[in-house]
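Chemist: kindly return the folded structure for what I paste below:
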Amino acid sequence: MKYMGSKSRIAKHIVPIIQHYIDHSGAAEYIEPFVGGANVIDKIDAPSRSGNDINPYLIALLSFMQRGGTLPDGISYEEYSAVRADKARFPAWFVGCAGFLASYNGRFFDGGYAGIVHTKAGTVRDYYAEARRNLIEQAQRLESIEFACKDYRMYSGQSTFKNCVIYCDPPYKGTKQYTNSGRFNYGEFWETMRQWSESNVVLVSEYNAPDDFTCIWEQPIFRTVDNTKRVPTMERMFLYDRGRS
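Modeler: Numbering: from 1, shown residues only. Just a heads-up that it's a prediction; the model follows:
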């Protein structure tokens, strides 16, 4: 599914790493507290898979597809604008459909209406049609995933939260965030990762991390800023190192 910050381009690299920890730890559950477009969790094999996100419209859309829902063939600029202006008038899944599939780069209305675009190369792209087609194809891989709308901090303090492999893909520090992300507290996030690591395997994607987290994988990529600009970055995955804390 098209989503800002999606791991779809690097999933082939990070999924085997995550799968290795699941297979060798005997984990009872795999959890993604920042499931986003579900472009990693849909490729993971685990006894139980849970995908959570703070955006209720995202979870509604993914759950809708799980139930065999049918996406509209198109979303006009007028429909897009109406949903953006008054989300309460529409079903939550349809708000997610318009916000993620019809917004540029899956930015949930922040990126503006994508629609049909004439590229510099002289071709014509229908961004909504592409995103719709990708999500329909992905839907078959969403079966058995338990989706829920949760803030990642809702897990804190749960005594039964043990023997899990947890993959976190939080809003990256220094990058544009979704409106509903608010002012993400990075200090609180990394402290939570330390606590979870006491009885779970916790893997985190970010560009950088505190000194007591070890980089176990990195890959140079280009990050899309807007429809005219791409900037080079280094994607990394980190694991907490208790010996350096």
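Chemist: doesn't Ser144 make contact with Gly51?
Modeler: No. Using CB atoms under 8 Å, Gly51 is not in contact with Ser144, being 10.9 Å away. Bear in mind the C-beta positions are built from the backbone N, C-alpha and C, glycine included.
Chemist: helix/strand/coil for the spatially closest residue to Ile14 that is not a sequence neighbour?
Modeler: Distance criterion CB to CB, 6 or more residues apart in numbering; nearest residue to Ile14, sequence neighbours excluded, is Met237 at 6.0 Å. Look at Met237: counting by DSSP: H, G, I helix; E, B strand; the rest coil, its state is strand.
Chemist: longest strand anywhere in this structure?
Modeler: When the chain is parsed with DSSP state E, its longest strand is strand 213-226.
Chemist: quick one: low-confidence ranges for this protein?
Modeler: Filtered on pLDDT under 70, the chain yields the residue ranges 155-160, 175-182, 223-230, 243-245.
Chemist: tell me where it has strands.
Modeler: Under DSSP E, the chain gives strands at 29-32, 49-53, 116-118, 124-126, 145-149, 164-168, 201-206, 213-226, 229-240.
Chemist: in a markdown table: the ones you listed, plus distance to His20 and mean neighbour count.
Modeler: Output for the strands of the chain, formatted as a markdown table (distance: least, CB to CB, whole Å; neighbours: other CB atoms under 10 Å):
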| stretch | distance to His20 | mean neighbour count |
| --- | --- | --- |
| strand 29-32 | 12 | 23 |
| strand 49-53 | 16 | 22 |
| strand 116-118 | 40 | 11 |
| strand 124-126 | 37 | 12 |
| strand 145-149 | 20 | 17 |
| strand 164-168 | 10 | 23 |
| strand 201-206 | 10 | 22 |
| strand 213-226 | 10 | 14 |
| strand 229-240 | 12 | 16 |
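Chemist: out of these, flag the one nearest Ser76.
Modeler: Nearest to Ser76 among these is strand 116-118 (10.6 Å), distances taken as CB to CB.
Chemist: and that closest one, how far out from the chain middle?
Modeler: Taking CA atoms, centre = their mean, to the nearest Å, one finds the center of strand 116-118 at 26 Å from the center of the full chain.
Chemist: same check, this time on stretch 69-88
Modeler: Centre-to-centre, stretch 69-88 and its host chain are 22 Å apart (CA atoms, centre = their mean).
Chemist: can you give me the buried ones in that stretch?
Modeler: For stretch 69-88, a neighbour-count test (16 or more other CB atoms under 10 Å) marks 69, 71, 75, 79-80, 83-84, 87 as buried.
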